[in-house]
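# Please find the sequence and the predicted model below.
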Amino acid sequence: MKIISSLTLILTAVALLAGCDRDRMSERGFALPEGNPAAGRETFLYMQCNQCHTIEGETLPQLAGAEPFVELGGPVTRVKSYGELVTAIINPSHKLADGYPEDLVSEDGESKMYVYNGYMTVQELIDLVAYLQPQYDVVMPAFKYRVYP
């Protein structure tokens, strides 16, 4: 009886440990506190994001010798989620920008965007996302439907 109990306990522990490894990279349970959009705009300028990025409808200072080529914000056909924006900032090579010439946004398959992970505080990240997220305006995509006679 003691052997069966011990074996059951061991098998249960192994099953539980195996289940823990399956969803390690899940975003479930991950939530950052609210950010300050005004402080996020300051972070955008301080980190010199405006060297490569513009914001639709915003007038940002131009950096000497820089010509921004990736526009952020404006009309999009789906919501830019909080998680997507955080990922784009801390892991820019995760998904490269669509619609831009590859040589502008990629070098050997990696994003040309600076990785600020060792320089940006968590608070700056939170504020930057709070600034960027409302810049996007979700619109209904335009579809042309074929009319059948």
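Alright, I've got the coordinates.
# alpha carbons only for contacts and neighbour counts from here, please
Noted.
# Quick one: residues contacting T54.
With contact set as Cα atoms under 8 Å, 6 or more residues apart in numbering, T54 has these partners: L60, P68, F69, V70, E71, L72.
# In the chain, mark out all the strands, start to finish.
With DSSP state E, the ranges of strands along the chain come out as 53-55, 70-72, 74-76, 106-107, 110-111, 136-138.
# wait, which of the ones you listed is closest to G35?
Minimum separation from G35 across those (Cα to Cα) falls at strand 136-138, 16.5 Å.
# Check which strands are paired with the closest one and give the direction for each one.
Here strand 136-138 is paired, per DSSP bridges, with strand 74-76 (parallel).
# With E84 as the reference, measure out to the closest residue to N117 other than its chain neighbours.
Nearest residue to N117 in three dimensions, chain neighbours excluded: I90, at 6.0 Å (Cα to Cα, 6 or more residues apart in numbering). Distance from I90 to E84, counting by Cα to Cα, to the nearest Å: 10 Å.
# helices and strands of the chain: which one bottoms out on pLDDT?
When the helices and strands of the chain are compared on mean pLDDT, DSSP states H and E, helix 2-22 comes out lowest with a mean of 58.
# which ones are touching the residue nearest to N117?
Applying Cα under 8 Å, 6+ apart, we find I90 in contact with V115, Y116, N117.
# mind listing what the second one touches?
The reference is to Y116. By Cα under 8 Å, 6+ apart, the contact set of Y116 is I89, I90.
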